[in-house]
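In: fold the stuff below for me.
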Amino acid sequence: MLPDTAPTVTSDRKDLARTFLKLANGQYQEHRQHRAYYARIAREHGLTNQDIADEYGITEAAVRALIKRAAK
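Out: Residues are numbered from 1 along each chain as shown. Predicted coordinates:
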């Protein structure tokens, strides 16, 4: 049996979600409304609220508020 050296799907999804967050955070002033949308997508791809908060440089409570607004 060969060892499983391929990255897991979960890891790939989290990396993709982090990339989206970095893009959204980098263009914050231009596209502020998209941060909430990207945060919601990141949650759907397995990132925690704390992971998202770390990427955005905001608190976990602020992330929860962003996601709540995006759900409306």
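In: look through the chain and tell me its longest helix.
Out: helix 9-26 (DSSP state H).
In: identify the residue nearest the residue nearest the centre of the chain in space, chain neighbours excluded?
Out: Taking C-alpha atoms, centre = their mean, the centroid of the chain lies closest to residue 42, which sits 3.1 Å from it. For residue 42, the nearest residue in space outside its immediate sequence neighbours is residue 17; the separation is 3.9 Å by C-beta to C-beta, 6 or more residues apart in numbering. Every residue, glycine included, has its C-beta placed from N, CA and C.
In: tell me the first helix or strand C-terminal of the helix or strand harbouring the residue nearest to the centre of the chain.
Out: Here residue 42, judged by DSSP states H and E, is contained in helix 32-44. Under the assignment DSSP H and E, the closest C-terminal helix or strand after helix 32-44 is helix 49-56.
In: rounded mean pLDDT for the helix or strand just after that next one, please.
Out: Sequence order places helix 60-71 as the next helix or strand after helix 49-56, per DSSP H and E. In this model, helix 60-71 has a mean pLDDT of 88.
In: show the low-confidence segments of this structure, by residue range.
Out: Applying pLDDT under 70 to the chain flags the ranges 1-9, 26-32, 72.
In: now with 90, please.
Out: Applying pLDDT under 90 to the chain flags the ranges 1-12, 16, 18-38, 40-41, 56, 66-72.
In: what is the longest helix of the chain packed up against?
Out: Contact partners of helix 9-26 among helices and strands, from 3 or more C-beta pairs under 8 Å, 6 or more residues apart in numbering; DSSP states H and E: helix 32-44, helix 49-56.
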